[in-house]
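Colleague: coords please:
(2 chains)
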Number of protein chains: 2
Amino acid sequence: MLPFTKSFEAEKRKALEKLRAAMERGDVDEDIIPLLGKFNALPSYFTTSSCSGRISVMEMPNFGDKVNAVWLGKWHREVSLEEVLGAVRKHRKGQLWFLVRSPILHVGARTLEDALKLLNLAIGAGFKYSCIKSVSERKLIVEIRSTERMDVPLGLNGTLWVDENYLARIVEIANAQLRRFKGKLKRLEEAVTRL
Amino acid sequence: MLPFTKSFEAEKRKALEKLRAAMERGDVDEDIIPLLGKFNALPSYFTTSSCSGRISVMEMPNFGDKVNAVWLGKWHREVSLEEVLGAVRKHRKGQLWFLVRSPILHVGARTLEDALKLLNLAIGAGFKYSCIKSVSERKLIVEIRSTERMDVPLGLNGTLWVDENYLARIVEIANAQLRRFKGKLKRLEEAVTRL
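Modeller: Predicted structure coming up:
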């Protein structure tokens, strides 16, 4: 075995402090907090970052330029057409996108065996894109991620390319994807209890 | 170390035989063959599956039902609006999607150190979604994948939700994404030469 356990306790302590600070700032998605708590209560795991999955409207000043991207609307729950229209109306410049992102969790594991156990459990709960994200002497990180995703271009420099009917359609599909990945999060929470 | 090396030679032999058969059937994307050759010439790696990245039009009879999904058009190169329109016109039932997928390669590595070396190299070449996909006593697989992706709903049960102008816009964006990931494949090929 690589000497993962060496700094595990120190890394976990740091991660928990960061999590506490983020929760105080309100920067942690509410509906994922119980799951984070369950992971962090286990002796061989800790969470380093997480998103409970989201639907968003994003403006990207230049293609692929995520650094300067601006969220015009972002929701970790089902969304209404009216909310999406409200976000779309704020669009002024660059590319306008409608996005769905699956939940994503990064979980530190004590040993490679612990990481693989979690990886199999996450895949079993429906998170098929899960994998081992990084391995170093200091940290061993499992990424838990699912397949739900939408990337829909909506317009450019203030001009909309689609109509309201189309937005209604994609909102419906996005909400179905969101319901699906929220169900997977529930399944994962139950599975983690059995770890 | 886990005993990865145990069956490495046997697994590599099997993978190369499968690759040869797939190439004879014409099932391997032409433009990725030189890269696969470079990996397979290295003593510590072999490729198990690959796609050079693609733009496609897909019909999904039921939401999320990939098993029964049908490609109405699939291209591993830049595509014209006319080609996409030709595929879209074949749509009859279920959900119609326009998709872009980044290249994806699965590469077996001899040891965890070999896997991590490749992982860092792939991330450096622009494949930011790369990770270790699976670890077992028999196999250690690195997944090489990039961020480019589009998932655009186009219609349902024969009805189109968007017009030709919109299709022209998304074809343009898809082609830009394709040029970008083809550039990354070139960078990866050069990097692998230095492994």
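Colleague: can you list the weak-confidence ranges in chain A?
Modeller: Applying pLDDT under 70 to chain A picks out residues A:1-6, A:63-64.
Colleague: please enumerate the helices of it.
Modeller: Remark: helices assigned in chain A by DSSP state H are A:8-24, A:33-41, A:81-88, A:112-124, A:164-193.
Colleague: what residues sit buried inside the longest one?
Modeller: So the one you mean is helix A:164-193. Burial within helix A:164-193, assessed by neighbour count using 16 or more other Cβ atoms under 10 Å in any protein chain shown, is assigned to A:166-167, A:169-171, A:173-175, A:177-178, A:180-182, A:184-185, A:188-189, A:191-192. (Glycine included, C-beta is placed from N, CA and C.)
Colleague: repeat that for the first one.
Modeller: With burial defined by 16+ other Cβ under 10 Å, the residues of helix A:8-24 counted as buried are A:Phe8, A:Glu11, A:Lys12, A:Ala15, A:Leu19.
Colleague: and what of the second one?
Modeller: For helix A:33-41, a neighbour-count test (16+ other Cβ under 10 Å) marks A:Leu35, A:Leu36, A:Lys38, A:Phe39, A:Asn40 as buried.
Colleague: and the nearest residue to the second one once chain neighbours are set aside, how far is that from chain B?
Modeller: The shortest distance from A:Leu36 to any residue that is not its chain neighbour, by Cβ to Cβ, 6 or more residues apart in numbering or on different chains, is 4.9 Å, and that residue is A:Thr47. Spatial separation of A:Thr47 from chain B under the definition Cβ to the nearest Cβ, to the nearest Å is 17 Å.
Colleague: again, but for A:Arg89
Modeller: 19 Å.
Colleague: against A:Glu189, how distant is that residue?
Modeller: 37 Å (Cβ to Cβ, to the nearest Å).
Colleague: check A:Ala176 too.
Modeller: As judged by Cβ to Cβ, A:Ala176 and A:Glu189 stand 21 Å apart.
Colleague: ok, which of the helices of chain A comes nearest A:Arg54?
Modeller: helix A:164-193 (8.2 Å; Cβ to Cβ).
Colleague: the nearest residue to A:Asp151 once chain neighbours are set aside bridge partners, please.
Modeller: What sits nearest to A:Asp151 in space, not counting adjacent residues and going by Cβ to Cβ, 6+ apart, is B:Met150, at 4.9 Å. Beta-bridge partners recorded for B:Met150 (DSSP bridges): B:Val100.
Colleague: could you pull up the residues touching B:Met150?
Modeller: Taking Cβ atoms under 8 Å, 6 or more residues apart in numbering or on different chains, we find B:Met150 in contact with A:Asp151, A:Val152, A:Pro153, B:Phe98, B:Leu99, B:Val100, B:Ile170, B:Ile173, B:Ala174, B:Gln177.
Colleague: okay, the residues you listed in CSV with distance to A:His106 next?
Modeller: Converted to CSV, these look like this (distance: Cβ to Cβ, whole Å):
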residue, distance to A:His106
A:Asp151, 22
A:Val152, 27
A:Pro153, 29
B:Phe98, 31
B:Leu99, 27
B:Val100, 26
B:Ile170, 32
B:Ile173, 29
B:Ala174, 30
B:Gln177, 26
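Colleague: looking at the residues you listed, which is nearest A:Ile55?
Modeller: Of the contacts of B:Met150, the one sitting nearest to A:Ile55 (Cβ to Cβ) turns out to be A:Val152, at 11.0 Å.
Colleague: give me the neighbour count for the closest residue to the closest one other than its chain neighbours.
Modeller: Of all residues beyond its chain neighbours, the one nearest A:Val152 is A:Phe98 (4.3 Å), with distances taken as Cβ to Cβ, 6+ apart. Counted with other Cβ atoms under 10 Å in any protein chain shown, the neighbours of A:Phe98 add up to 25.
Colleague: any idea how far A:Phe98 is from B:Leu185?
Modeller: Relative to B:Leu185, and taking Cβ to Cβ, A:Phe98 is found at 28 Å.
Colleague: around chain B, pick out the residues from chain A.
Modeller: With Cβ under 8 Å from any Cβ of the partner chain as the criterion, chain A meets chain B at residues A:1-2, A:63-64, A:95, A:112, A:116, A:119, A:131-135, A:143, A:149-153, A:156, A:161-162, A:165-166, A:169-170, A:173, A:176, A:180.
Colleague: list only those of the residues you listed flagged as buried.
Modeller: Using 16+ other Cβ under 10 Å, the buried ones in the residues of chain A next to chain B are A:2, A:95, A:112, A:116, A:119, A:131-135, A:143, A:149-153, A:161-162, A:166, A:169-170, A:173, A:180.
Colleague: and stretch A:123-141, how far apart are its ends?
Modeller: The straight-line separation of the ends of stretch A:123-141 (Cα to Cα, to the nearest Å) is 15 Å.
Colleague: how about it: buried residues?
Modeller: With burial defined by 16+ other Cβ under 10 Å, the residues of stretch A:123-141 counted as buried are A:125-127, A:129-135, A:139-141.
Colleague: equivalent analysis for stretch A:67-86, please.
Modeller: Buried residues in stretch A:67-86 (16+ other Cβ under 10 Å): A:Ala69, A:Leu72, A:Gly73, A:Trp75, A:His76, A:Val79, A:Val84.
Colleague: what separates the first one from A:Leu42, distance-wise?
Modeller: Meaning A:Ala69. According to Cβ to Cβ, A:Ala69 and A:Leu42 sit 35 Å apart.
Colleague: returning to what we had before: check the buried residues of stretch A:123-141 and tell me the two furthest apart.
Modeller: Greatest spatial distance among these (Cβ to Cβ): A:Gly126 and A:Lys139, at 25.6 Å.
Colleague: tell me the bridge partners for A:Ile104.
Modeller: Counting by DSSP bridges, the residues bridging with A:Ile104 are A:Cys51, A:Arg145.
Colleague: look at it and say how many residues are nearby.
Modeller: Residues near A:Ile104, counting by other Cβ under 10 Å: 19.
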